[in-house]
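Colleague: got a structure for you, letters missing:
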């Protein structure tokens, strides 16, 4: 297929401007020449269309988007059959959360961060009630308008209850974006609504502190850190963050799924009633849990290796004495 550019026509849609270009697709702001309506057109790159897994994933995203009807979720519009693969979506006014954070030195006032997080929670609760898990929540996939209303974008790796599992060759397409994915996704698990809660916890942490909870020299170091370490307390970065708000962040970022918010609706309730949040004593749990440093990991590894000869020697003695 020939690559498309602004000014081209796709069926009865005029492509006006290139809005976003990712590794797998381009999104154009376009005009429906029949109705005059502004829409977004998502077109896979020609090389991506040849990937049968991506092709099926693209159609799953289209089907999920057509079934959803919530102001916080981008709506995919029905279209006529065409020889070219593309998706028609409502045009969402506003700016990406990533752009807003870049303007604000990476962080937002707590009240605004809470307001945006509640909007995301509301949209997630709607999705989860219908068996959909987004799995790739990040500031690049959140549109925010002038009144801080949000809209979730890009369901490219979303899953739906009952749908068969698909895999990709690229890390970000398998699990999401390294800075925002939940520990269970790092381990290769499919993820459930609590995985989206974790990603929202990362975004809330970033909106409040100006940084993500885990940092490293490469994506694998970041993912390894979230499997072994607890994030720095938000209040250690900004003491103006209330203990109750910090507690909400900690509950969203729990590594143990059983300790994490069970769903977005529970997190939404706490964000809307921060004064009622009970702050847990986490100092005892932190002190009881040894720090997962690289040195400690190496010591444990070599200690285990050193025990192997002793175990073998003991077994030989036992066998010699019990023929």
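Modeller: Done, it's in. What you see is a predicted model; the values in this text were computed from it and never measured. Numbers count the residues shown, from 1 in each chain.
Colleague: CA atoms for contacts and neighbours, from now on please.
Modeller: Fine.
Colleague: mind listing the strands in the chain by residue range?
Modeller: 9-10, 13-21, 25-32, 38-44, 76-77, 87-90, 95-96, 132-133, 142-144, 150-152, 159-160 (DSSP state E).
Colleague: Could I get the average pLDDT for the third one?
Modeller: Averaged over strand 25-32, pLDDT sits at 95.
Colleague: and the angle for it with strand 38-44?
Modeller: Strand 25-32 runs at 150 degrees relative to strand 38-44, counting by axes from the mean of the first three to the mean of the last three CA atoms, to 10 degrees.
Colleague: Begin at 645 from now on, thanks
Modeller: New numbering, starting at 645: the last item is strand 669-676.
Colleague: what packs against strand 669-676?
Modeller: Under the contact criterion of 3 or more CA pairs under 8 Å, 6 or more residues apart in numbering; DSSP states H and E, strand 669-676 touches strand 657-665, strand 682-688.
Colleague: Quick one, which of these gets closest to residue 771.
Modeller: strand 682-688 (21.2 Å; CA to CA).
Colleague: So what touches that closest one?
Modeller: 659, 668-676, 729-735 (CA atoms under 8 Å, 6 or more residues apart in numbering).
Colleague: Can you select the buried ones among those for me in PyMOL?
Modeller: Entered in PyMOL, the line below selects the buried ones among the contacts of strand 682-688, by 16 or more other CA atoms under 10 Å:
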select buried, resi 659+669+670+671+672+673+674+675+676+729+730+731+732+733+735
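Colleague: which regions of the chain sit below the pLDDT cut-off?
Modeller: Under the criterion pLDDT under 70, the flagged ranges of the chain are 806-820, 928-967.
Colleague: Helices along that one, start to end?
Modeller: Taking DSSP state H, the helices of the chain run over residues 690-693, 696-711, 741-747, 754-773, 815-819, 827-830, 837-853, 863-872, 878-881, 887-896, 908-916, 927-932, 938-965.
Colleague: deepest of those, which one?
Modeller: helix 837-853 (a mean of 26; mean count of other CA atoms under 10 Å).
Colleague: What is it packed up against?
Modeller: Partner elements for helix 837-853 (3+ CA pairs under 8 Å, 6+ apart): helix 754-773, helix 878-881, helix 887-896, helix 908-916.
Colleague: repeat that with 7 Å
Modeller: Under the contact criterion of 3 or more CA pairs under 7 Å, 6 or more residues apart in numbering; DSSP states H and E, helix 837-853 touches helix 754-773, helix 878-881, helix 887-896.
Colleague: Of those helices, which is nearest residue 804?
Modeller: helix 754-773 (9.1 Å).
Colleague: between that closest one and helix 887-896, how big is the angle?
Modeller: Using the same axes, to 10 degrees: helix 754-773 against helix 887-896 is 30 degrees.
Colleague: Helix 754-773 to helix 837-853, inter-axis angle?
Modeller: 170 degrees.
Colleague: now the angle from helix 754-773 to helix 696-711?
Modeller: Using the same axes, to 10 degrees: helix 754-773 against helix 696-711 is 100 degrees.
Colleague: got the contact list for helix 754-773?
Modeller: Helix 754-773 has contacts (CA atoms under 7 Å, 6 or more residues apart in numbering) with 716-717, 777, 792-794, 837, 848, 851-852, 908-909, 912, 915.
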